[in-house]
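Enquirer: sequence and predicted structure below; questions after.
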Amino acid sequence: MPQYFRILALAFLLASWAFATDKVSVPEPQAIVMARLVEIPGKMPGNDLYSYVYIFKYKIIQVISGEVKEKEILVGVYNPRQARDQVKDKMGLLVNGDLKEFKAGAIHKLQLVKPLSKIWKEAVEDEYFDDSAERWYAVQVDAGK
């Protein structure tokens, strides 16, 4: 029986080491667009209790690369109350850009991946519960220039 526990303990240590050294894979954007932030529905929660992705509605101005067929899309943004370059937690590699603050009516350059669930599986603040459109995830958000 002691041999069994040694093997089990070794397996646990190896699994813990593999998990701790696992690197985040940054996906290539499937689309890059210039888009206007249509609205900020509801109130964005603070980040003091939990991290979340907030869903925004964007109107496409220009598709720079990739394919986006819709004129309006729903886009998830990780902890949008933080400037994009200030996100330093576990999602730091999946949050990029120079945007400091999200404001309705602003134009942003978005690098997008879909579906959102490919990147984020935790709390999502989504006021568009009646809209069945697929949710994108913004890997990078830059101020429109």
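Expert: On my side now, so go ahead.
Enquirer: where along the chain do the helices fall?
Expert: 2-20 (DSSP state H).
Enquirer: run through it and note the low-pLDDT ranges.
Expert: Along the chain, segments meeting pLDDT under 70 span 1-25.
Enquirer: can you give me the strands in it?
Expert: With DSSP state E, the ranges of strands along the chain come out as 31-39, 53-66, 72-78, 107-113, 124-125, 135-143.
Enquirer: the shortest one pairs with which strands?
Expert: It stands for strand 124-125. Strand pairing for strand 124-125, using DSSP bridges, gives strand 53-66 (parallel).
Enquirer: okay, the angle between the partner strand and strand 31-39?
Expert: 140 degrees (axes from the mean of the first three to the mean of the last three C-alpha atoms, to 10 degrees).
Enquirer: buried stuff in strand 53-66?
Expert: The neighbour-count check on strand 53-66 (16 or more other C-beta atoms under 10 Å) flags 53-58, 60 as buried. For the C-beta atoms, the positions are set from N, CA and C on the backbone; glycine is no exception.
Enquirer: report the distance from it to the chain centre.
Expert: Relative to its chain's centre, strand 53-66 lies at 13 Å (C-alpha atoms, centre = their mean, to the nearest Å).
Enquirer: what of stretch 77-94?
Expert: Centroid separation between stretch 77-94 and its chain, computed with C-alpha atoms, centre = their mean, is 8 Å.
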